[in-house]
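A.B. asks: have a look; sequence and predicted model below, questions after that.
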Amino acid sequence: MATDSSNGNGHHQTTTSITTTKTPPSPSPLRFSKFFQSNMRILVTGGAGFIGSHLVDRLMENEKNEVIVADNYFTGSKDNLKKWIGHPRFELIRHDVTEPLLIEVDQIYHLACPASPIFYKYNPVKTIKTNVIGTLNMLGLAKRVGARILLTSTSEVYGDPLVHPQPESYWGNVNPIGVRSCYDEGKRVAETLMFDYHRQHGIEIRIARIFNTYGPRMNIDDGRVVSNFIAQALRGESLTVQSPGTQTRSFCYVSDLVDGLIRLMEGPNTGPINLGNPGEFTMIELAQTVKELINPDVEIKMVENTPDDPRQRKPDITKAKELLGWEPKVKLRDGLPLMEENFRLRLGVDKKK
Ligand SMILES: NC(=O)c1ccc[n+]([C@@H]2O[C@H](COP(=O)([O-])OP(=O)(O)OC[C@H]3O[C@@H](n4cnc5c(N)ncnc54)[C@H](O)[C@@H]3O)[C@@H](O)[C@H]2O)c1
Ligand SMILES: O=c1ccn([C@@H]2O[C@H](COP(=O)(O)OP(=O)(O)O[C@H]3OC[C@@H](O)[C@H](O)[C@H]3O)[C@@H](O)[C@H]2O)c(=O)[nH]1
C-alpha cells in the first residue's frame with residue numbers, strides 16, 4: 001500500500017512501500033536442500049568498516065547464517081573482523097564494488113561507501129562511482145541470483161533540510177554541484193537505481209536512511225565529530241567545534257542502528273525508512289558533554305567550517321516505530337562512555353584513578 005504525504009514544500013510524494021507486479025527471480029534450489037549447511041548466505045559490502053563490522057557480528061551470532069564480506073579497505077580494516085577470520089561460516093574478499101562480483105547469495109547488505117566527509121571528499125569521482133556503479137553492480141548481482149538487497153542510504157539525502165525533523169516524505173534541499181554532492185547526490189541516485197530495479201525487474205529492495213551513528217571501532221582519525229571529540233579529549237587536545245557550533249545532529253548508537261537494519265531487511269517494507277536517534281544536540285552541546293564526561297581539563301575552540309554543512313538534522317522515526325517496531329534505546333550520555341572505553345584501549349590512554 002502506498003502512502004501520500006506532503007514533503008513540506010507543497011509537493012506530494014509516495015513513500016515506504018511502492019509495490020510492483022513483477023515476480024523476483026527464484027533463489028538457488030540449494031537453499032531448499034535438506035543437506036545445505038546454512039539457510040542464509042549473506043553478503044555485506046563495506047563489512048570491514050565501522051557499521052558493517054558490527055552488523056557482521058550480529059549476523060554471525062545466528063548459526064544459520066553464512067556471511068561474506070566484500071571490502072576494498074579504503075576506510076575499513078581487517079582488524080575490525082579479526083574474530084571471524086578463519087571461521088567456517090565467514091569469508092572475507094578484497095573487492096571493489098565498482099567491479100562486478102559473481103557469487104551466490106540470498107541477501108545483500110550494501111554498505112560499501114566512505115561515510116566520513118573528509119574521506120568521501122578525498123576522491124569525489126571515486127565516491128560517485130562507488131555509489132552509482134557499485135550500487136548498479138550489487139543490483140545486477142541481486143537480479144542474477146534473486147537476492148534481497150538493502151541499501152544504507154543517508155540523512156544527507158535531505159541536504160540542508162528546510163523541514164524539521166525530517167520525515168521520509170521530504171524530498172530534501174541538496175546542492176547538486178557542491179563538494180558534498182558526490183556523497184549526497186550519489187546516495188540519491190543509488191536510491192533511484194534501487195527503485196528502478198524493483199519496479200522494472202521485481203528485485204526485493206530495502207532502503208535505510210541512516211542518521212549520524214557513533215560507537216566503538218570508528219576510525220580514530222575518521223574526521224567525524226564524535227570520534228574527533230573523543231580522541232581530542234583523550235589526547236588532551238582542544239575540542240574543535242566547527243563554526244557556528246549551533247548546527248545540530250542527532251546521534252544513534254551503533255547497536256541500535258544494527259538492530260534497525262536487520263529488522264528492515266527481515267520485514268516486508270521497502271522503505272525508505274529513517275533509522276536514527278531523535279535526541280538532537282548542537283555541536284557546542286556535544287563538545288560540552290564530551291568535556292564533562294571524558295576530560296574536564298580540555299578547552300573547546302571554534303574552528304572554520306566546511307561548505308554546505310547542514311544546519312540542522314533530526315529524524316522523524318514514526319515509520320520505523322510503526323513498521324519495524326524499532327526505536328533506539330541508548331542515550332548519548334550512555335553511548336559516549338562505551339565508545340570512550342574502546343578509544344582508550346586503542347590509544348593506550350588509561351583512566352585517571
Ligand atoms: N556512520 C554513519 O553515521 C552513517 C550515516 C549514514 C549513512 N551511513 C552509511 O553506512 C555505510 C557504512 O558507513 P560507516 O560509517 O560504517 O563507514 P566506514 O567508512 O567505516 O565503512 C565503509 C566501508 O566501505 C568500504 N568501501 C568504501 N568504498 C568501497 C568500494 N568502492 N568497494 C568496496 N568497499 C568499499 C570501506 O573500506 C569501509 O570498510 C555507508 O554506506 C554510509 O554511507 C553511515
Ligand atoms: O571536529 C569536528 C568535526 C565535525 N564538526 C561538525 O559536526 C557536525 C557533524 O559532522 P560529521 O563530519 O560528523 O558528519 P555529518 O553530519 O556532516 O555527515 C555525516 O552524515 C551522515 C552520514 O551519511 C555520514 O556519516 C556523514 O556524511 C557538522 O556540523 C560539523 O561541522 C565539528 O564541529 N567538529
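C.D. replies: Arrived safely. Ligands and ions are numbered 1, 2, ... in the order given.
A.B. asks: any idea how far residue 237 lies from residue 298?
C.D. replies: 7 Å (Cβ to Cβ, to the nearest Å). Any C-beta I mention is one placed from the backbone N, CA and C, and that applies to glycine too.
A.B. asks: so what's residue 307 closest to, chain neighbours aside?
C.D. replies: Leaving aside its chain neighbours, residue 307 sits nearest to residue 179 (5.5 Å; criterion: Cβ to Cβ, 6 or more residues apart in numbering).
A.B. asks: quick one: which of residue 237 and residue 298 has more around it?
C.D. replies: residue 298 (19 against 15; other Cβ atoms under 10 Å).
A.B. asks: which ones are touching that one?
C.D. replies: 232, 233, 236, 237, 238, 239, 291 (Cβ atoms under 8 Å, 6 or more residues apart in numbering).
A.B. asks: distance of it from residue 139?
C.D. replies: The gap separating residue 298 from residue 139 is 46 Å, by Cβ to Cβ.
A.B. asks: just residue 293 next, same as before
C.D. replies: Taken as Cβ to Cβ, the span from residue 293 to residue 139 is 43 Å.
A.B. asks: check the closest residue to ligand 2 within the stretch 51-200 of the chain and give its pLDDT.
C.D. replies: Closest contact between the stretch 51-200 of the chain and ligand 2, by Cβ to the nearest ligand atom, is at residue 154 (3.4 Å). Note for residue 154: predicted pLDDT of 98.
A.B. asks: how about the closest residue to it other than its chain neighbours, phi and psi?
C.D. replies: Using Cβ to Cβ, 6+ apart and skipping the chain neighbours, the partner closest in space to residue 154 is residue 187 (5.2 Å). Main-chain torsions, residue 187, degrees, to the nearest 10: phi -70, psi -30.
A.B. asks: kindly report the same for residue 185.
C.D. replies: Per degrees, to the nearest 10, the backbone of residue 185 is at phi -70, psi -30.
A.B. asks: shaky segments in this protein?
C.D. replies: 1-25, 27-38, 353 (pLDDT under 70).
A.B. asks: at 80 what do you get?
C.D. replies: The chain contains residues with pLDDT under 80 at 1-38, 352-353.
A.B. asks: which parts of it are helices?
C.D. replies: Under the criterion DSSP state H, the chain carries helices at the ranges 50-60, 117-120, 124-145, 181-201, 225-235, 254-266, 283-294, 318-319, 332-347.
A.B. asks: turn the ones you listed into CSV, including mean neighbour count.
C.D. replies: Below are the helices of the chain laid out as CSV (neighbours: other Cβ atoms under 10 Å):
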stretch, mean neighbour count
helix 50-60, 23
helix 117-120, 19
helix 124-145, 20
helix 181-201, 20
helix 225-235, 22
helix 254-266, 20
helix 283-294, 19
helix 318-319, 17
helix 332-347, 16
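A.B. asks: how about CSV for the ones you listed, with distance to residue 87 added?
C.D. replies: CSV is the format used below for these (distance: least, Cβ to Cβ, whole Å):
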stretch, distance to residue 87
helix 50-60, 7
helix 117-120, 28
helix 124-145, 23
helix 181-201, 30
helix 225-235, 28
helix 254-266, 19
helix 283-294, 35
helix 318-319, 35
helix 332-347, 22
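A.B. asks: make a markdown table out of the ones you listed and add distance to ligand 2.
C.D. replies: Below are these laid out as a markdown table (distance: least, Cβ to the nearest ligand atom, whole Å):
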| stretch | distance to ligand 2 |
| --- | --- |
| helix 50-60 | 9 |
| helix 117-120 | 5 |
| helix 124-145 | 11 |
| helix 181-201 | 6 |
| helix 225-235 | 3 |
| helix 254-266 | 11 |
| helix 283-294 | 4 |
| helix 318-319 | 18 |
| helix 332-347 | 13 |
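A.B. asks: roughly how far does the residue nearest to residue 154 sit from residue 153?
C.D. replies: Separation of residue 187 from residue 153 (Cβ to Cβ) stands at 5 Å.
A.B. asks: wait, isn't the residue nearest to residue 154 in contact with residue 157?
C.D. replies: Yes - between residue 187 and residue 157 there is a contact at 5.5 Å, judged by Cβ atoms under 8 Å.
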